[in-house]
Each structure stands twice: as C-alpha cells, then as structure tokens.
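1. sequence unavailable; structure follows:
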DNA sequence: TTGAAAGCGATACCAC
DNA sequence: GTGGTATCGCTTTCAA
C-alpha cells in the first residue's frame, strides 16, 4: 500500500505538500500540484483514514441509532440519512437499540470511541427521562434526536407534531360518529405518550371516555391486544394505533377473526405503510414525512458539526391525515 | 481525554503492560492487572480506536452494501447482520448502491480505505458480470456476496435456490390450471435472471409459452407494467413477480383497477412481505429466509476473516412456497 | 509557497 | 512477566 511518503518521493516534494494538495489544493503552486496529482494517480495512492482520524481527532462517520431498522418508519429515515451522508462524504454506522437503554448506551459509547462526527438518535424512553433532567448530551458528541425528545430538549431534534396528529385523527373518528374508540399506545416512547395525550384531549372534548392500552411497540402486542378486544362482550367500535407496528398487529387480528373495517370495527393509526393502502377499503392513517425527518435530522447535525455553539433547534413537522375507507362512518347506533 | 499513558502513570506501570491488560490479560500478573484495571476505571479510560486501527492496519468494521435498504428483503438482512456484528464487537456501515456500479465501487473503495474487516455485498449485475470473468475480489477485503452471485463464484456467497423456487412457484400455478402466465422479472440482478430461468423451464415443461417483461426492480415499474397488461384485449390469467417490489407494484395496479385475485387475475411472487398476508385472499409467495441469509453471510465473513486462505464456500438456501388464495384455481376456461 | 519535524495513541518487538 | 522504544500514516505548527 502506497503511503504519503511514496507519493512525496515520486513527486519530489515533501509530505507536507502532498498533504496540502489533498486538503487545501489552493495553497500549492500549480506546477507542484500537478506533479503531486500525477504521482497520486500513478501509485493509486489512497489516504489512510485511520491515520487521518488519529491526527484530526475525529472521523467522517455518523452513528444512526434507532429502535429497530425493520420498522419501516426507521427504514425510511435511515435511507434519507444515508443519502445525505453520502453527499457529504460521511459514513453511516447502523445501530439497533431494541429500546434497550443499555444497548443504546453501549452504542453511544462506541460512537464516542470511534470519534464519530455526530449521532442521530431515536432515544429510548429512559434516555428521554434522563435527558429531561440532566444537561445536554453527556457524550459531548454533536447529537440530533429524532422521533422522540423531552419537552425541554437540550439537544437539537426533529419531531412530528404528535399530539396534534393524534388529535386530528381522533377527531376524524368522532366526527364520523364513532364513540367507543380504544387506543393501542406504544408504551416505550415519548412519542406514544404524546399521541396518547392528543387522543385523550380529543375524546374528552367530545365528551367521550378514553380507553388506552399501553403496549410494547410490536406487531405481536398489537395483535394480542386487539384479539382481546374482539373477544369482549361489547366489542369496541374503533381501534386506533399509535404506530405502524401496533396497527399492523391490529389488522392481523381483524383479518384472523374474519372481521372487516369499517362495518365490524373501524381501524386507524399512524404510519402510511404499504399494506394500509392495499386493504379493501384502505386504512385511514397519519402519514409521517419520514424521508423529510431523516433529511432534516442530518441537516441539523451537519450544522451543529460546523457550529457547535449555536442555539438548540427544534423542528416540528406535521403529519398528513389520509382518510380511507376503514373509518368511513357513520357508526352503527348502540 | 485520558490516554494509555495516563493509565500507565497512575498504575505505576509501562504502557506496554496496560496494552497487555487490554489485549491479553492472562499475560499479566494478577496484582498488576488489578492495579491497571483500577486505574482504567478511575480515569474512565477508553482506548482510542483510531490509534489502534492505525497500528493494527484493520478496523472492527464491516461494510454492508445493498441496493436499497427500503426493500424489506434487505432490511431484514441488515438487521441480521447488525445483530451478529454486535455480538462480535463489530460495527456495520450501511451503504445503498441503488444498483449503480459506480456507487457500489465507491463504497467498496471506501471500505478498503476504512480498512474494514470485511464486506457483505449484494452486488449489481455489473459486478457479477465482471466477477465472473476476473479473479477474486480486487479489493482484497474479505467479501461475502448475498442474494446474487456469478455461477462460478470466486467469493463466498449466500443465495436462495432461485431457479428451483421460481420453478415450484410456476408449477403451482400451472397445476392450478393457469396457462397464460406473465413474469415480471427484475432486470438488474442475476437473481431475476435465475428466477426467470426457473419460470421458463416450468412453463416449457408444461407445454406453455413463457412471456417475460424485464423491468427495473421498483414498485413503479411493476405497477406500470401490470397496468399495461390489464389494458390488453386478452388480459393475462396470472401475473408472477420475481421480487417484492414488483409484486407490490402489481398489486397496486390490480387494486387501482378494482380487480381481484384470483377471479380476475391470479397473482403470485417472491418475498413474504407484510401486506401479502393481509389481502383477501392472501397472495401466494415464495418466502425467503431473510434473517438466515443475513446470519449465514455474517458467519461466512467471520470465518473468512479468521482463515483468509480457506476454500470458497457457497450456501444455497431453499425458499418456502406459501400457497394463499390469490392463486386458488381452477382458472376460467378460455 | 514549501519543508522539517513533532506528535496523535496505541501495539509489538526486543531486551532484560 | 515487564519495560523501553520504534512505528503505523497523516496533519500541522514553525521556520525559512
């Protein structure tokens, strides 16, 4: 493997000059620059990133820590992040926390060890709780939170307006005449709590009694909970799920029970995943601007890397209510 | 940031000893080892990975290069790879090639620059073509191919038995009485070609005429092509798609046209994605053992990292035919 | 504008 | 079993 010394020797210059040609070409006289570039090409020289990193004390790498990449919401975000990172010459290290604070911390430490340039984190509920009390990121790394965040964030973050989205979704249901609406709420994230709050506010505003099942954010949990609801003597009129996994679980349960929306049970929720549009009729959802969320997070991170001292920024994006047949009222009288 | 020198000073030993405590603790007398570990804890010392990497000439990092992480097939694989990597103290760098040979090469170079320990690659058709001619990976990095590979591979690889799976799927359709079966085939991968071959063989064995539309592997392409088919005077009896994206596109087209499977057009394809089970009736598919594919690839890579000289290994996994209602015959007579 | 040389933080060889 | 020291490849003062 050719090193910078070989290039310098071949071009008849010092390693400093070669280094300058790489980093600040304008600081080198054209003649020398061309000689060096020729030597680089001839030797097929590629800079050693480890050496550069050791010297500069930081790597062109960002960490992306999400609960589970298989959740399409996070998949889309990761794609957006990777796209932007690529454009800016940054690598993305992918980390699944599984909502486990220990694993999350291990990954944060790792990113610190790697001297990563920054981290994009969908924090666990535990992290959010601690971050609400403590000061800014203990790691000292540039950090952007996505999807979840304490209300008083010390870090940049990109969020959906969760309470509002849940409020609008719930209002849509009540306006269609449904009254007995159960919420399947993700219990492990602040996102689930915000959406729950929006739901409860909308229910109470309509004089209805909220009913919430707090669940782990998995397909299995959504399915089991819905199965339970369907087995009740007085089955609920509508089921609302605060994320795509719970919603999918609920749909599986309906499917297995041979029930249809809206005639048997109305169904709605978050995340405009592929399958929701393909039902007969389609499932009403709040579509999140996932790609935008990822891009915005990356932009925020790049800005903070450039200006570590700037004020904390908070980007709140709006969800889009996609009304489909699964909530088409009016509900049957009871 | 505390360095190894600080630890050495505090423990009253040399840096060599500290380094040994980190790498080969058994080579250090217990008394010293404890003193060193205490010093490490007290200072909160963490080894500088860049320095280690520079010295050792390799990083605890593996690259994962796929066409697009948003394809659930690759999402699942990435999750499996990340799980195994985490267990073995390796980081995963995520790369989307978009089936673009230039981007793929850029990422391979990057992995080489990063001195990655290895790469798991879902190669572009271009790469496969070149690899069939040339020798083993020019990069010199330990490399495992997934999903696609030349027939005479110089690299380890993990593949589905594509021709067999497509053959079984096609036979299932013909056995149900369908005769006029069109294949939507991914044109950008060797996988698509193998599946096409299996389809053609099965069709010919039944005395039927294959009809293949070679398409880019996108939802949009699958949808457009299917739309075209539906508009033909004599609409095909069945549509078969060689991957999940094309299949989803086809379903979108049917959905938009208000057509149902199997009564209007039978539908089947590859990849047991969420939505396929949720149709009324469900869509018949070949389920790929995605998580297994990812794990196997990672295992192969770890073994090759340990034993660079060992013979090339090729793991071929079987797909599982999930028969659902979308292909329930018999077909209408023509 | 260019070059010489120090140093980033760890490992590994070689004495002892 | 332990310590001294050269070294990995690059960037970055500092002088010229």
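-> Happy to help now that I have it. Note that the structure is predicted; figures quoted are calculated from it, not measured. Residues are numbered from 1 along each chain as shown, chains lettered A, B, ... in the order given.

2. in the stretch 101-250 of chain A, which residue sits nearest chain B?
-> residue A:113 (5.1 Å; C-beta to the nearest C-beta). (Each C-beta comes from the backbone N, C-alpha and C, glycine too.)

3. distance of that residue from DNA strand D?
-> For residue A:113, the distance to DNA strand D (C-beta to the nearest atom of the strand, to the nearest Å) stands at 17 Å.

4. please apply the same query to residue A:203.
-> 58 Å.

5. so that residue sits right up against residue A:212, yeah?
-> No - with contacts counted by C-beta atoms under 8 Å, residue A:203 stays clear of residue A:212, the gap being 9.7 Å.

6. so between those two, which is more surrounded?
-> A side-by-side neighbour count of residue A:203 and residue A:212, using other C-beta atoms under 10 Å in any protein chain shown, places residue A:203 first with 23 against 17.

7. please name the nearest non-neighbouring residue to the more buried one.
-> Counting by C-beta to C-beta, 6 or more residues apart in numbering or on different chains, residue A:210 is the residue found nearest to residue A:203 once chain neighbours are left out, at 4.3 Å.

8. return the residues in contact with that neighbour.
-> A:183, A:199-200, A:203-204 (C-beta atoms under 8 Å, 6 or more residues apart in numbering or on different chains).

9. identify each buried residue in the helix-or-strand element of chain A with minimal mean pLDDT, please.
-> Using mean pLDDT, DSSP states H and E, the weakest-scoring helix or strand in chain A turns out to be helix A:125-133, at a mean of 90. In terms of neighbour count (16 or more other C-beta atoms under 10 Å in any protein chain shown), helix A:125-133 has its buried residues at A:125, A:127-128, A:131.

10. what helix or strand is whichever residue of the stretch 201-334 of chain A sits closest to chain B located in?
-> Using C-beta to the nearest C-beta, the closest approach of the stretch 201-334 of chain A to chain B is made by residue A:275 at 3.4 Å. Element membership for residue A:275 (DSSP states H and E) is helix A:274-277.

11. list the strands paired with the very next helix or strand once past that helix, with their directions.
-> Going down the chain from helix A:274-277, the next helix or strand is strand A:284-287, by DSSP H and E. Strand pairing for strand A:284-287, using DSSP bridges, gives strand A:266-270 (parallel), strand A:320-322 (antiparallel).

12. any buried residues in strand A:284-287, and which?
-> A:284-286.

13. same check on stretch A:29-41?
-> A:32-33, A:35-37, A:39-40.

14. tell me how far the residue in the stretch 51-200 of chain A that DNA strand D sits nearest to lies from residue A:45.
-> Scanning the stretch 51-200 of chain A for the residue nearest DNA strand D gives residue A:51, at 3.3 Å (criterion: C-beta to the nearest atom of the strand). Per C-beta to C-beta, to the nearest Å, residue A:51 is found 13 Å from residue A:45.

15. likewise for residue A:4?
-> If you go by C-beta to C-beta, the gap between residue A:4 and residue A:45 works out to 7 Å.

16. could you list which of the buried residues of stretch A:29-41 also contact chain B?
-> Counting by C-beta under 8 Å from any C-beta of the partner chain, nothing from the buried residues of stretch A:29-41 sits close to chain B.

17. enumerate the residues of the stretch 151-300 of chain A near chain B.
-> So the stretch 151-300 of chain A meets chain B at A:248, A:251-252, A:255, A:273-275, A:277-280 (C-beta under 8 Å from any C-beta).

18. most surrounded residue in these?
-> residue A:251 (28 neighbours).

19. shouldn't it be in contact with residue B:279?
-> No - under the criterion of C-beta under 8 Å, residue A:251 is not in contact with residue B:279, lying 11.2 Å apart.

20. what's around whichever residue of the stretch 151-300 of chain A sits closest to DNA strand D, how many residues?
-> Nearest residue of the stretch 151-300 of chain A to DNA strand D: residue A:298, at 23.7 Å (C-beta to the nearest atom of the strand). Residues lying near residue A:298 (other C-beta under 10 Å) number 28.

21. likewise for residue A:307?
-> Residue A:307 has 10 nearby residues by other C-beta under 10 Å.

22. what pLDDT does the model give the residue nearest to residue A:203?
-> At residue A:210, the model reports a pLDDT of 97.

23. domain parsing of chain A, as residue ranges.
-> Using automatic domain parsing, the domain ranges for chain A come out as A:4-47, A:54-159+A:290-318, A:162-288+A:321-327.

24. what's the span of the first one, first residue to last?
-> This means domain A:4-47. The straight-line separation of the ends of domain A:4-47 (C-alpha to C-alpha, to the nearest Å) is 7 Å.

25. likewise for the second one?
-> From its first residue to its last, domain A:54-159+A:290-318 covers 42 Å (C-alpha to C-alpha).
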